[in-house]
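Q: sequence first, then the predicted structure:
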Amino acid sequence: MSFIDKRKITFDEKVNIYKALGNKTRLEIFEQILSNGDKSIHKNGMMCITEIASLFSYSMPTISAHIDILRKAGLIKSFREGKKIYVDVDIEKCKKLYEMFSGSILSYEEKKLSQNLV
């Protein structure tokens with residue numbers, strides 16, 4: 001288990017995640033990584049950023065900057081192999097996000113139910 005599994009996502013991490021996914025291009029890049037992982041050219045299932053860039057009309061530096069923001073937010077991880085950089089979804093972080101959202105929604109719903117507001 002990684003360190004992220006043993007702690008909650010901090011408020012600042014949430015802000016960075018919302019900012020990262022609040023941009024249309026970054027959300028599209030993230031969704032491409034999610035949906036095209038099975039079509040990856042690398043044996044470990046990661047996508048090369050040049051492959052991602054080919055799906056958009058933006059320059060490579062622009063795509064790289066967006067990917068860096070997603071990486072810094074913890075949504076994706078990357079590694080370099082020679083001159084190529086590969087990215088993949090950080091599954092553990094995304095699981096924590098899912099738990100955070102589902103827990104918050106269930107807690108909110110329970111609160112409303114207890115107040116007979118739903």
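A: Arrived safely, thanks for sending. Every value quoted in this text rests on a predicted model; they were computed, and no experiment measured them.

Q: now do the helix or strand hosting Asp12: distance to the chain's middle.
A: Using DSSP states H and E, Asp12 maps to helix 11-21. Centroid displacement of helix 11-21 relative to its chain, using C-alpha atoms, centre = their mean, to the nearest Å, is 10 Å.

Q: show the contacting residues for the residue nearest to the spatial centre of the chain.
A: Centroid-nearest residue in the chain, with C-alpha atoms, centre = their mean: Leu75, separated by 2.8 Å. The neighbours of Leu75, taking C-beta atoms under 8 Å, 6 or more residues apart in numbering as the test, are Ile17, Ala20, Leu21, Phe30, Val89, Asp90, Lys93, Cys94. Quick note: C-beta positions are derived from backbone N, CA and C, even for glycine.

Q: apply 7 Å and report the result again.
A: Ile17, Ala20, Phe30, Val89, Asp90, Lys93, Cys94 (C-beta atoms under 7 Å, 6 or more residues apart in numbering).

Q: what is the helix or strand where the third one lies packed up against?
A: Of the helices and strands defined by DSSP H and E, Phe30 is found in helix 24-36. The helices and strands touching helix 24-36, judged by 3 or more C-beta pairs under 7 Å, 6 or more residues apart in numbering; DSSP states H and E, are helix 11-21, helix 49-53, helix 60-72, strand 84-89.

Q: Phe101: which of those is closest?
A: helix 11-21 (10.1 Å; C-beta to C-beta).

Q: what angle separates that closest one from helix 60-72?
A: 150 degrees (axes from the mean of the first three to the mean of the last three C-alpha atoms, to 10 degrees).

Q: next, the buried residues of helix 11-21.
A: Glu13, Asn16, Ile17, Ala20, Leu21 (16 or more other C-beta atoms under 10 Å).

Q: possible to save the helices and strands packed on helix 24-36 as JSON lines with distance to Ser107 and mean pLDDT?
A: Shown next, in JSON lines, are these (distance: least, C-beta to C-beta, whole Å; pLDDT from 0 to 100):
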{"stretch": "helix 11-21", "distance to Ser107": "15", "mean pLDDT": "90"}
{"stretch": "helix 49-53", "distance to Ser107": "36", "mean pLDDT": "91"}
{"stretch": "helix 60-72", "distance to Ser107": "28", "mean pLDDT": "96"}
{"stretch": "strand 84-89", "distance to Ser107": "26", "mean pLDDT": "91"}
